[in-house]
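Participant: coords please:
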Amino acid sequence: MKSESFKALASVMVAVVTVLGAGVACLASNDANKAGNADFNGLTAAIAAQETVIINAVNVYEHYQAYTAYQRYNELGNLLYDEAAAAGDPTTAEALERQKREMYGLAQGLQFSFFPTRYLNPDGTYATQRELDEEFAESAQQRDIVPGPHFEEADILRARANFLTGILIVLAGAFWFFTLAQAINNRLKYLFILGGFLAVAISILLVVIAEVML
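Facilitator: Numbers count the residues shown, from 1 in each chain. Below is the predicted model:
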């Protein structure tokens, strides 16, 4: 190859490497920005999750407080029922019956108005954890409260950005090889230009791997 043609080829390859470097830098910067956005979305989801947990806990334990009041009035009604049945005086029995009805009425009002009865267990206890779990699952359908996938996406994008940044080192080597091949006039120039082409090929392969596999 004539010296002029060789130098022209080396010059063209220097320009090609410069363009490739700019493209890889753009990809790395884009992935880094996406990783930052994913981190922000993850933090937003984490804050929303904590807010949801607190709000659900307040609501559920309000229900549980109403349930305990329901149990108290129900038990008082049962005690008054037994006392009314054992009372020998009709006046006392009537008074106890009236109080019993009041207790049962309060218990029923609490049961139907202040806590969801579907969380009452067969043994009479209240399934607070099941209500918390179901409330959280329902909230997850309405808003983003799961931060894990966002942070995983951020880690992947950040790793890819770092990988692409590493490719810039290989392209810098290619730039150096082509520049030397252009500058010298002995046979080493063929070795340098070959090294430059090899570095470019490796860089392109690594970019494909980064975009397809990472």
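Participant: look at P122 and tell me its secondary structure.
Facilitator: Assigned with DSSP: H, G, I helix; E, B strand; the rest coil, P122 falls in the coil class.
Participant: got it, and G196?
Facilitator: Under three-state DSSP, G196 comes out as helix.
Participant: packing partners for the lowest-mean-pLDDT helix or strand in the chain?
Facilitator: Ranking every helix and strand in the chain by mean pLDDT, DSSP states H and E puts helix 90-113 at the bottom, with a mean of 84. Contact here means 3 or more C-beta pairs under 8 Å, 6 or more residues apart in numbering; DSSP states H and E; on that basis helix 90-113 packs against helix 3-86. All C-beta atoms are positioned from the backbone trio N, CA, C, and that covers glycine.
Participant: what is the neighbour count of R143?
Facilitator: 13 (other C-beta atoms under 10 Å).
Participant: so it touches A49, yeah?
Facilitator: No: look at R143 against A49 with C-beta atoms under 8 Å: they stay out of range, at 9.4 Å.
Participant: how about the contacts made by the residue nearest in space to the middle of the chain?
Facilitator: In the chain, the residue lying closest to the centroid (C-alpha atoms, centre = their mean) is P147, at 2.0 Å. Counting by C-beta atoms under 8 Å, 6 or more residues apart in numbering, P147 touches N41, G42, L43, A45, A46, A49.
Participant: in ChimeraX, select just the buried ones from these.
Facilitator: The buried residues among those can be selected in ChimeraX (16 or more other C-beta atoms under 10 Å) with this line:
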select :41,42,45,46,49
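Participant: L106 touches E75, doesn't it?
Facilitator: No: using C-beta under 8 Å, L106 makes no contact with E75, being 11.8 Å away.
Participant: between the least confident helix or strand of the chain and helix 3-86, how big is the angle?
Facilitator: Using axes from the mean of the first three to the mean of the last three C-alpha atoms, to 10 degrees, the inter-axis angle of helix 90-113 relative to helix 3-86 is 170 degrees.
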